[in-house]
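I'll drop the sequence and a predicted model, then ask my questions.
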Amino acid sequence: MRTETNAAAAPARRTVRYVEHIMGMPISLALRGRHVDDDAACRAWAAATAILREADRVFSTYRADSYISRLGRGELGVEDCPPEVAEVLALGAAAERESAGAFSVRGLRRDGAVVLDPSGVVKGWAVERAAAELENLEDTDFCLSAGGDMTCRTLHPDVAPWRIGIEDPADPGRILAVVPVFTGAVATSGTAHRGQHLVDARTGRPPTGVASVTVVAASLTRADVDATAAYAHGREAAHWLETRPGRSGLVVWDDGTTTTVEPVLPQT
């Protein structure tokens with residue numbers, strides 16, 4: 001997981017922060033520029049959080065009444081759910097193909113049961129949708145974070161980038177690296193904060209050899225999915241991430257060593 005260590009800006013571009021607890025995690029927004037604490041900023045923040053609350057209502061696996069929980073129990077069909085459910089399941093199916101089955105929204109538990117859990121898609125997808133409500137703020141940069149995964153926008157080339165700290169999974173109070181991001185997304189998968197909740201969908205077992213994977217990409221949806229998929233590959237995490245066009249990242253191994261993944265340009 002990353003933390004926003006310092007959203008540095010040029011003089012006279014002050015930063016104002018907002019925080020809510022939604023989807024079982026802290027959601028934070030940093031704004032700098034023209035609209036940081038006026039009515040326009042407050043409306044945009046309210047609209048963004050409303051999208052995240054709706055995503056929680058539809059997709060939370062911790063709520064028995066959510067559409068995804070009812071779908072998983074067989075009480076509903078996909079056609080009975082909001083259209084966003086089919087969208088998220090399609091993203092999950094594509095990720096499963098691209099990860100050779102290591103990532104799946106239908107997880108295999110150790111007891112052999114198959115459970116529907118699109119959490120590896122939903123967070124990045126929902127935050128990216130919420131960030132669209134901030135894009136109409138004129139002359140305003142933003143960094144929207146959900147539990148450390150974040151999407152950023154910077155409109156002015158003469159200001160400093162957002163500085164995203166990558167935590168040491170063995171000691172979350174220590175920063176291993178800082179990633180400067182003007183416009184783009186950063187996501188991390190690991191078990192430092194939530195315990196061992198990630199598995200290789202092919203086996204139903206936690207991957208070995210890897211402690212965390214951070215991915216930098218243009219889209220938070222893709223960064224979040226690829227970070228989870230790479231983590232699920234265990235000792236092959238860096239090798240798999242190297243195949244993903246346009247991605248860069250940092251893999252932290254369970255012995256504390258790291259591997260930096262440089263972006264691969266798409267073939268033309």
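Good, I have the coordinates. Keep in mind the model is a prediction, meaning the values are calculated, not measured.

Give the other helices and strands that the host helix or strand of Val85 contacts.
Val85 belongs to helix 83-98 when assigned by DSSP states H and E. Counting contacts by 3 or more CB pairs under 8 Å, 6 or more residues apart in numbering; DSSP states H and E, helix 83-98 is packed against helix 39-59, helix 67-72, helix 119-131, helix 220-232. (C-beta placed from N, C-alpha, C; glycine too.)

can you do 6 Å?
Helix 83-98 is packed against helix 119-131, with contacts defined by 3 or more CB pairs under 6 Å, 6 or more residues apart in numbering; DSSP states H and E.

ok now the helix it packs on, how far from the chain's centre?
Offset of helix 119-131 from its chain centre (CA atoms, centre = their mean, to the nearest Å): 7 Å.

Where does pLDDT dip in the stretch 151-268 of the chain?
The model of the stretch 151-268 of the chain has pLDDT under 70 over residues 192-197, 264-268.

80 - rerun?
Counting by pLDDT under 80, the ranges of the stretch 151-268 of the chain that qualify are 191-197, 263-268.

the helices in it, which residues?
Along the stretch 151-268 of the chain, counting by DSSP state H, counting those that start in this stretch, helices occupy 220-232, 237-241.

now what about the longest one, what contacts it?
In this case it means helix 220-232. The set of residues external to helix 220-232 that reach it, using CB atoms under 6 Å, 6 or more residues apart in numbering, is 95, 99, 102-103, 120-121, 123-125, 127-128, 149, 151, 185, 187-189, 198, 200, 207, 210, 213, 215, 217, 237, 240-241, 244, 247.

out of these, which are buried?
Among these, those classed as buried by 16 or more other CB atoms under 10 Å are 95, 99, 102-103, 120-121, 123-125, 127-128, 149, 151, 185, 187-189, 198, 200, 207, 210, 213, 215, 217, 237, 240-241, 244, 247.

From the contact counts, what lies against the top strand by length along the chain?
Criterion DSSP state E: the longest strand present in the chain is strand 171-181. Contacts defined by 3+ CB pairs under 6 Å, 6+ apart place strand 171-181 against strand 162-168.

which strands and helices sit next to the strand it packs on?
strand 2-6, strand 171-181.

in the last one, what's buried?
So that's strand 171-181. Those buried within strand 171-181 under the rule 16+ other CB under 10 Å are Ile175, Leu176, Val179, Val181.

quick one: the residue nearest to the third one when sequence neighbours are not counted from Ile68, how far?
The shortest distance from Val179 to any residue other than its chain neighbours is 4.5 Å, reached at Ile164 (CB to CB, 6 or more residues apart in numbering). Separation of Ile164 from Ile68 (CB to CB, to the nearest Å) stands at 29 Å.
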